[in-house]
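[1] Return a 3D structure for these sequence lines:
(one chain, ligands or ions: 1)
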Amino acid sequence: MLHREDLAAPADLAQARRALAGTTLAELFARDPNRFQRLSFEWDGWLLDLSKERLGEDTLALLVAHADSAGLPGWIAALLAGEKVNQSERRPALYTALRQTGDAPLVVDGRDIIPDIRAAQSRMRTISAQIRGGLRVGATGRPIRSVVNIGIGGSDLGAYLVCSALAQPPRARGSTGPQTQGVDVSFVANVDPEHLTRALAPLEPATTLFVITSKSFATQETLANAASAKAWLVAALGKGVDVNSHFMATTANIPAARASGIASVDILPLWDWVGGRYCLWSAAGLPIALKIGWERFEKLLAGAASVDAHFRNAPLDRNLPVLLGLVGWWNATHMKHVERVVVPYAQALFRLPAYLQQLVLESHGKRVGRDGGALTEAHSPALWGEVGSNSQHAFFQWLHQGPREAPVEFIVPVDAMHPLADQQALLVAGALSQAQALMVGRRADGIRTELAALGLSGIELDAAVAARVCPGNRASTMLLMPELSAYRLGQLLALYEHRTFVEAMLYGINPFDEFGVEYGKTLAKPIVAALADGAPLPPDTDGSTRGLVAHLRTRIGRAGSSATSDS
Ligand code: F6P
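    I've put the predicted structure just below:
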């Protein structure tokens, strides 16, 4: 087992960081005409360009050596072999088993889990074919046409991302004809009743199916939305009608799902060894299979499996998730960046930043190491982002001229396979030019000449020049993906999962637990009771929470009664 001492970064990495202190990225390019070739990595049609990251001539080699001496190859093997890498909860993290291609046994606590996975997949295939084919009927005998996934966190984000990214059926290159859609699938996560209400507004109760996705089947938001969905069905279909046929569940808590009235045959299993943020590959991906069909869901799994094999087999210095993770670790621990920004240049990936926020921040949001000791190094930057080109007209100003640097990860599907090729070129050019601008910046002398020619002078000229200077020397990674297909999306998500694992191993943390979120859930319960029923708060409740509850108790749910409301 790895010990914390092994994680100390070698002195030569600190030295490499000091050597870079007075050097700009532009100077690094000037010194090494082969920098792009040296720091770009191609694999299976992908191109990872790290040349605009703040890496000196030897930094990457030193990072790889550090990963080796920190035992990273052993951790990768342990993860993929199903060892109990989630030490605090004493369980493996086997999302990779869910996309394993062959039937080689994988034993967890004495049981080969592969047959269980195959059985669940076979049920998913049958269910998705039935529903997409209009063969499943609701209580009134009418076929199901709309599916609403009710779940939150990992029980929402992954499936929602994939469904929105792959919503369009594959289109033959150059075709502009109409496209057929599968069953309509929507997602409700927020306990804010507005979310469910808006989702249900266009739907017909008699033809709507709810899939309750919850590993625990105890999440308050999900159970509240499920209860409201049931009430909506009963109100529309009549009290005497058994609406349970309008519900399915995916859960590790089968007794609770059964107790809610859902038939056993309509409950798909989850397992302890699949974490919420890694569960889209499991039966929690049922909405995906319903939306895009089983064959494309299998392609998603196959894409992820190809990255798993690459992660397992490729040498560290040519291993894409390892390289991404090493640079992420370097940026956090040595360059001391407290943020990272993800910008996918694809509208279809508009949910990617939200998905990655859960994947990365729930995994890396830890203040102690695996042994419980406080972490001494900087680690775990916050992550935010939005699609390009929209973000160019929002937060890129901050990235170019704001007070501090946040490295940007540009993710660009190259071939959009749609007929508007000119717009695709404009989109991709946006990514390249933003990355270029971040690195080279805009110098004062050129601006001064331009503005002086327009007649500005003196203090006015100085101020105008200063406002326009972009310091540049701001780092970014460019990840070019071949196209946005199910297979390639599976690869992208697996790349980020493994990258997140690599960083966690180097930080020395357990990426697979989330006790902080669990604590928040516990505290919510007495507050709900106090607000809803006036129940007393626990005696140790702080003064602010008490004051807020007292203020809200008489007001909550009375919107519309004041002069400032819209109604
Ligand atoms: O947000 C915390 C969390 O535990 C996530 O990890 C999980 O994806 C989410 O809550 C939902 O949990 P469940 O699937 O048990 O409803």
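
[2] Which residues of this protein lie near the ligand?
    Neighbours of the ligand within the chain, by C-beta under 6 Å from any ligand atom: 152-155, 214-216, 219, 222, 276-277, 362, 514, 517. In short, each C-beta sits where N, CA and C put it, glycine included.

[3] Tell me how many other residues crowd the residue of the stretch 151-300 of the chain found nearest the ligand.
    In the stretch 151-300 of the chain, the residue that lies nearest the ligand is residue 276 (2.3 Å; C-beta to the nearest ligand atom). Residue 276 has 25 neighbours, counted by other C-beta atoms under 10 Å.

[4] Likewise for residue 105?
    So residue 105, with other C-beta under 10 Å, has 10 neighbours.

[5] How many neighbouring residues does the closest residue to residue 224 other than its chain neighbours have?
    Excluding its sequence neighbours, the residue lying closest to residue 224 (C-beta to C-beta, 6 or more residues apart in numbering) is residue 191, at 5.4 Å. Using other C-beta under 10 Å, residue 191 has 18 neighbouring residues.

[6] contacting residues for residue 191?
    Counting by C-beta atoms under 8 Å, 6 or more residues apart in numbering, residue 191 makes contact with 152, 220, 221, 224, 225.

[7] re the thing from before, turn the residues of the chain next to the ligand into TSV, including secondary structure.
    Compiled in TSV, the residues of the chain next to the ligand are given as follows (DSSP: H, G, I helix; E, B strand; the rest coil):
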residue	secondary structure
152	coil
153	helix
154	helix
155	helix
214	coil
215	coil
216	coil
219	coil
222	helix
276	helix
277	helix
362	helix
514	coil
517	helix
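
[8] So which other helices or strands are in contact with the helix or strand bottoming out on mean pLDDT in the chain?
    Least confident element among the helices and strands of the chain, by mean pLDDT, DSSP states H and E: helix 515-533 (a mean of 89). With contacts defined as 3 or more C-beta pairs under 8 Å, 6 or more residues apart in numbering; DSSP states H and E, helix 515-533 has these neighbours: helix 220-237, helix 543-553.

[9] Okay, buried residues for that helix please.
    Using 16 or more other C-beta atoms under 10 Å as the test for burial, helix 515-533 gives 526, 527, 530.

[10] Kindly state the pLDDT recorded for the residue of the stretch 1-150 of the chain found nearest the ligand?
    Minimum separation of the stretch 1-150 of the chain from the ligand (C-beta to the nearest ligand atom) falls at residue 150, amounting to 9.6 Å. Reported pLDDT at residue 150 in the predicted model: 99.

[11] Please name the nearest non-neighbouring residue to residue 473.
    Among residues not flanking residue 473 along the chain, residue 24 sits closest, at 4.5 Å (C-beta to C-beta, 6+ apart).

[12] can I assume the one you found is in contact with residue 474?
    No. Contact criterion C-beta atoms under 8 Å: residue 24 and residue 474 do not qualify, at 10.1 Å.

[13] Now tell me what touches stretch 439-449 from outside.
    By C-beta under 8 Å, 6+ apart, stretch 439-449 touches 25-26, 52, 400, 461, 464-466, 468-476.

[14] I'd say residue 473 and residue 26 touch.
    Yes. Using C-beta under 8 Å, residue 473 and residue 26 qualify as a contacting pair, with a distance of 7.1 Å.

[15] for the lengthiest helix in the chain, what is the average pLDDT?
    Taking DSSP state H as the criterion, the chain has its longest helix at helix 486-507. Helix 486-507 carries an average pLDDT of 98.

[16] That one - contacts with which helices or strands?
    Against helix 486-507 (3+ C-beta pairs under 8 Å, 6+ apart) you get helix 59-69, helix 72-81, helix 157-165, helix 294-313, helix 320-333, helix 363-364, strand 476-483.
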